[in-house]
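Colleague: I would like to see how this sequence folds:
(one chain, ligands or ions: 1)
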Amino acid sequence: MFILESKTQLEKAIAKARKVKPIVKMIAFGVYAVKGSNGNSYTVKMERIGNEKRISCDCKGGERGLICHHGTAALELHSTLAKHRAATI
Ligand SMILES: [Zn+2]
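Modeller: Residues are numbered from 1 along each chain as shown. Predicted structure coming up:
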């Protein structure tokens with residue numbers, strides 16, 4: 001699990017996600033399956049606790065609390081969906 005606070009780490013992960021372009025599938029709103037470059041599929045979960053946005057990924061980096069590109073790839077889809085949801089409500 002990581003908290004969106006380290007901007008440099010976050011930007012690096014976003015840049016990697018744009019380069020790798022992992023396939024992101026929505027399981028539920030806030031829960032995504034991201035296919036990694038090695039063919040493994042990881043589960044990314046988003047939750048908001050107070051003002052903190054938390055993302056957890058079950059890959060090795062995510063388990064160690066690092067911002068991984070699976071998380072940021074899912075976050076991009078999540079942001080798009082969240083905006084869409086907000087617009088349709
Ligand atoms: Zn990950």
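Colleague: When you work out contacts or count neighbours from here on, use the C-alpha atoms and nothing else.
Modeller: OK.
Colleague: Residues of the protein that sit close to the ion?
Modeller: Residues of the chain lying close to the ion (CA under 5 Å from the ion) are 57, 59, 62, 68, 70.
Colleague: and with 6 Å instead?
Modeller: 57, 59, 61-62, 68, 70-71 (CA under 6 Å from the ion).
Colleague: any chance of those in CSV, plus neighbour count?
Modeller: As requested, the residues of the chain next to the ion are exported to CSV (neighbours: other CA atoms under 10 Å):
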residue, neighbour count
Cys57, 28
Cys59, 18
Gly61, 14
Gly62, 20
Cys68, 24
His70, 34
Gly71, 32
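Colleague: Narrow those to those in strands?
Modeller: Among the residues of the chain next to the ion, the ones falling in strands (DSSP state E) are Cys57.
Colleague: quick check, nearest of the residues of the chain next to the ion to Val20?
Modeller: Val20 lies nearest to His70 out of the residues of the chain next to the ion, by CA to CA, at 9.7 Å.
Colleague: Next up, the contacts around the most centrally placed residue in the chain.
Modeller: Centroid check for the chain by CA atoms, centre = their mean gives Gly71 as the closest residue, at 2.3 Å. Counting by CA atoms under 8 Å, 6 or more residues apart in numbering, Gly71 touches 44, 55-57.
Colleague: For the buried ones among those residues, write the corresponding ChimeraX selection.
Modeller: A single ChimeraX command selects the buried members of these (16 or more other CA atoms under 10 Å):
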select :44,55,56,57
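Colleague: May I see the contacts of Gly71 organised as a markdown table, with pLDDT added?
Modeller: What follows is these, written out as a markdown table (pLDDT from 0 to 100):
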| residue | pLDDT |
| --- | --- |
| Val44 | 97 |
| Ile55 | 91 |
| Ser56 | 94 |
| Cys57 | 95 |
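Colleague: Tell me the one among the contacts of Gly71 nearest to the ion.
Modeller: Among these, Cys57 lies closest to the ion (CA to the ion), at 4.7 Å.
Colleague: mind listing the helices for this structure?
Modeller: All helices of the chain, identified by DSSP state H, fall at 7-20, 60-63, 69-88.
Colleague: Quick one: mean pLDDT over the second one.
Modeller: Per-region confidence: helix 60-63 scores 90 on mean pLDDT.
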